[in-house]
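Visitor: mind looking at a prediction? Sequence and model below.
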Amino acid sequence: MTELKPCPMCGCDANVTGNGRDYWVECESCLTSSNYHENRDTTIAAWNRRTTPDRKATVSPEQWQALVEASQKVADSAQRRADRARATAIEEIAEMVDHMGEGRRLEEYVEAIRGMKS
């Protein structure tokens, strides 16, 4: 069996994983993964074409961790902005519905809410 080369991103060990139908390689450290392949040997061959044993990793494990942490901060910030926008939209809808009279039909509510998009 062909030996699996280290991760081309961080230089750490990787493992072949399969679900009975597809196989892929995933790094133990940075979670870089390969495409799906039909069998274990093809998966290993494809992964091994991505790096050579004497090649140093593209980034060190410390640099990779810093990139992961920075990415997480960006994702967290984006999620907070999305949460605030959602809360604002819900509040605007609630206010709009609150100000509508009891006699309005459902279609009027829907039309008014859709008008908020513009």
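Guide: Arrived safely, thanks for sending.
Visitor: state which helix of the protein is the longest.
Guide: In the chain, assigned by DSSP state H, the helix with the most residues is helix 61-99.
Visitor: pLDDT of the helix or strand just after that one, averaged?
Guide: Later in the chain than helix 61-99, the nearest helix or strand by DSSP states H and E is helix 106-115. The pLDDT scores in helix 106-115 average 74.
Visitor: now stretch 50-70
Guide: 73.
Visitor: with stretch 77-97 instead?
Guide: 85.
Visitor: okay, buried residues for that stretch please.
Guide: Neighbour counts over stretch 77-97 (16 or more other CB atoms under 10 Å) mark no residue as buried. C-beta: built from backbone N, CA, C; applies to glycine.
Visitor: let's see it as PDB, backbone CA atoms only.
Guide: In PDB, the C-alpha atoms belonging to stretch 77-97 read as follows (Å, rounded to 0.1, in the frame of the first residue of the first chain):
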ATOM      1  CA  SER A  77     -18.400  39.200  13.300                       C
ATOM      2  CA  ALA A  78     -20.400  38.400  10.200                       C
ATOM      3  CA  GLN A  79     -22.800  36.300  12.300                       C
ATOM      4  CA  ARG A  80     -23.300  39.100  14.800                       C
ATOM      5  CA  ARG A  81     -24.100  41.500  12.000                       C
ATOM      6  CA  ALA A  82     -26.500  39.000  10.500                       C
ATOM      7  CA  ASP A  83     -28.200  38.500  13.900                       C
ATOM      8  CA  ARG A  84     -28.600  42.200  14.400                       C
ATOM      9  CA  ALA A  85     -30.000  42.700  10.900                       C
ATOM     10  CA  ARG A  86     -32.500  39.800  11.500                       C
ATOM     11  CA  ALA A  87     -33.500  41.200  14.900                       C
ATOM     12  CA  THR A  88     -34.100  44.600  13.300                       C
ATOM     13  CA  ALA A  89     -36.200  43.200  10.500                       C
ATOM     14  CA  ILE A  90     -38.300  41.200  13.000                       C
ATOM     15  CA  GLU A  91     -38.800  44.300  15.100                       C
ATOM     16  CA  GLU A  92     -39.800  46.300  12.000                       C
ATOM     17  CA  ILE A  93     -42.300  43.600  11.000                       C
ATOM     18  CA  ALA A  94     -43.700  43.400  14.500                       C
ATOM     19  CA  GLU A  95     -44.200  47.200  14.600                       C
ATOM     20  CA  MET A  96     -45.800  47.200  11.200                       C
ATOM     21  CA  VAL A  97     -48.200  44.400  12.100                       C
END
